[in-house]
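S.K.: only the shape, not the letters, is given here:
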């Protein structure tokens, strides 16, 4: 199951990644972080197909998907 | 006819073979500055047509490709000045020539060049102004040369007075721009631009050409390179040198960081730029003097006017007993105040003949007010002062 | 792609990028680096030859001090003039120009037209958000008729420029328009533009969530629904913006052509013309 990495230094909570994910594997966090942003969190990473759209469309280079076997 | 200069039908043509051989030539001032630029290593010219600088451009369009350089006519003067920035940072010395109206358009870019410490040379063949003015000669841009670009950074400006100096001082302009990493202005009157005189061209290896210092020459690797550090004049890494340099004209710290603004950083940045030029006036600025010993009155002049002023001074010494001293400002900016104060004793009146209503008279007055009773301007418009006119004005004032 | 950014400087971190949350500028930088990365990986362009030049505005901040390449942050509208000068010095530079709709279509209009006419080897990425973002949302030559902006409080009475048509007429051989909601198309077009020897204009409709006062997700959805591919011109186009590749020609590049002038002086057999 793939793993989601969010760089909290760079993410500004624009939530574009959640919207463009074709399998809806991500969701918005219930919490606001110390910068006042709502970050994306894993919703159901079994659905993640490693398409890379979230990484390409992130305006802040703040998201990465780690491909994990199994 | 101009195409014949430099062109030849012989064997073994290389770009080098198109340089003018040492000897005596009969050229126009506007052409001589191009020959000087080529000798100084300039290989890019980007310009826009404006009277009376057009011949410079036309001659450049013929000569630059002959020696392996590139010429382009840009869509306006702003584009020309910006192309100079691009070329200089791309590693190649660049030149443009314009007149008053175009010079005004270039001011923003000159200010950018001052802040980013970009070596480049701009020649202003001054015409009458303000506005469209007329196409006859003037010296009306000499204050704009110092203060026209916004933000008040320092600048170097030279004032040639002959076709020979159009050649020599253009080379000096390039050398100063490379040595001090600054734009350099060559302030010419239309008179000097359009006149034709004998020009002596020395052998190429007798001409001193200064190149900008680069960090790779000083053994500074990319990870240790501070774009605005390592000394009074920072070594300049160009695009393509492998240093991943960013050109920027915001207030900056030594490492090029523009995000950390503070009033201290702002002051430090501006003060460093100011001191780089104004703190080295003695090395940068040149003057010429004659008949200073015990003179009663003094003429301080520059550019084309110095030719006729010299005639007037010689006439005075041979003829009517007026004890006139003579100082010519070869460098207008930075203004050589200390140099002049060292050599000028007490005189009666200082005369400043200019082709404007009195511009350089202001720094002259500031520098020498306590050495004289008064400073008097001798203006002339549209026509070069004649020696008789200068002498008659002096006689009026002193009798 | 972080290897292409200068994350740290000697005096501290340079990131996060200065752009507002969800700004299209960050996305365009991401797409550009993907395109550049592919060309470097496939050995088509050497990394040292890349040169990124930007103008002023939010799009101008893309070069700022973030890029691990040679770059330039020049004056408003004049990025193309500086690019022309750089190519005169070294025609081998691979130049990407980041510019905005005001930077290209207003103050830079003249330089834009002539760069396209001369066909110099640059790839122009025009980030079009329909207004002047950095200074607070004033209208631009690309603001649609009727829009309310800070300088058109009674609705905009001016027609908007079609920058792509302008570039085509001026002579650019590769012209395309996409949006930030079309990442793969943008990346492919940037690669095409970089590969083409000549002026390439890629206009990218880019969202400004702050001045449009809508979420970035909503604006991206708008880009998908309110645009129509140029090849589908037969369908209804009312209220839609054309996207797609408008032209893709082969034309002589300026510096290539000028090289012939320089080279003629080395030929030993010809007589020089008067």
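M.R.: Cool, the structure landed. Please read these numbers as outputs of a predicted model, since none were measured by experiment. Residues are numbered from 1 along each chain as shown, chains lettered A, B, ... in the order given.

S.K.: so, low pLDDT: which residues of the stretch 101-250 of chain C?
M.R.: C:234-235 (pLDDT under 70).

S.K.: helices of that one, start to end?
M.R.: Listed in chain order, the helices of the stretch 101-250 of chain C (DSSP state H, counting those that start in this stretch) span C:101-105, C:109-118, C:163-170, C:183-195, C:209-212, C:216-225.

S.K.: looking at those helices, which is nearest to chain B?
M.R.: With CB to the nearest CB as the criterion, chain B lies closest to helix C:109-118 of these, at 4.3 Å. (Glycine included, C-beta is placed from N, CA and C.)

S.K.: domain boundaries for chain B, per the record?
M.R.: What automatic domain parsing lists as the domains of chain B is B:2-206, B:288-398.

S.K.: could you dump the helices of the stretch 101-250 of chain C to JSON lines with distance to residue B:170?
M.R.: Shown next, in JSON lines, are these (distance: least, CB to CB, whole Å):
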{"stretch": "helix C:101-105", "distance to residue B:170": "34"}
{"stretch": "helix C:109-118", "distance to residue B:170": "27"}
{"stretch": "helix C:163-170", "distance to residue B:170": "35"}
{"stretch": "helix C:183-195", "distance to residue B:170": "38"}
{"stretch": "helix C:209-212", "distance to residue B:170": "49"}
{"stretch": "helix C:216-225", "distance to residue B:170": "53"}
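
S.K.: give me whichever of the ones you listed is most buried.
M.R.: helix C:101-105 (a mean of 30; mean count of other CB atoms under 10 Å in any protein chain shown).

S.K.: show me what that one is packed up against.
M.R.: Contact here means 3 or more CB pairs under 8 Å, 6 or more residues apart in numbering or on different chains; DSSP states H and E; on that basis helix C:101-105 packs against strand C:122-128, strand C:131-132, helix C:163-170.

S.K.: wait, which of the ones you listed is closest to residue B:360?
M.R.: strand C:131-132 (41.6 Å; CB to CB).

S.K.: quick one: residues in contact with the closest one.
M.R.: The contact list for strand C:131-132 (CB atoms under 8 Å, 6 or more residues apart in numbering or on different chains) reads C:57, C:100, C:101, C:102, C:137, C:138, C:139, C:140, C:143, C:149, C:208, C:211.

S.K.: now do the contacts for the fourth one.
M.R.: So that's residue C:102. Contacts of residue C:102 (CB under 8 Å, 6+ apart): C:57, C:131, C:132, C:140, C:141, C:142.

S.K.: and the gap between it and residue C:124?
M.R.: 14 Å (CB to CB, to the nearest Å).

S.K.: so where is chain A shaky, pLDDT-wise?
M.R.: Checking chain A against pLDDT under 70 turns up A:70.

S.K.: excluding residues flanking it in the chain, which one is nearest the most centrally placed residue in it?
M.R.: Per CA atoms, centre = their mean, the C-alpha nearest to the average position across chain A is that of residue A:40, at 4.9 Å. Sequence neighbours aside, residue A:26 is the residue nearest to residue A:40 in space, at 4.7 Å (criterion: CB to CB, 6 or more residues apart in numbering or on different chains).

S.K.: that neighbour and residue A:48, how far apart?
M.R.: With distances taken as CB to CB, residue A:26 is found 8 Å from residue A:48.

S.K.: on that earlier part again, could the contacts of residue C:102 be laid out in TSV, adding distance to residue C:174 and neighbour count?
M.R.: Output for those, formatted as TSV (distance: CB to CB, whole Å; neighbours: other CB atoms under 10 Å in any protein chain shown):
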residue	distance to residue C:174	neighbour count
C:57	23	25
C:131	26	25
C:132	27	25
C:140	24	27
C:141	22	17
C:142	20	22
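
S.K.: of all those, which comes closest to residue C:79?
M.R.: Among these, and counting by CB to CB, the member closest to residue C:79 is residue C:57, at 10.5 Å.

S.K.: what residues are up against the closest one?
M.R.: Contacts of residue C:57 by CB under 8 Å, 6+ apart are C:76, C:99, C:100, C:102, C:103, C:132, C:133, C:134.

S.K.: correct me, but the fifth one touches residue C:77?
M.R.: To tie it back to what came earlier, the one meant is residue C:103. Yes - taking contacts as CB atoms under 8 Å, residue C:103 lies within contact range of residue C:77: 5.3 Å.

S.K.: does residue B:164 belong to a helix, a strand or coil?
M.R.: helix (DSSP: H, G, I helix; E, B strand; the rest coil).
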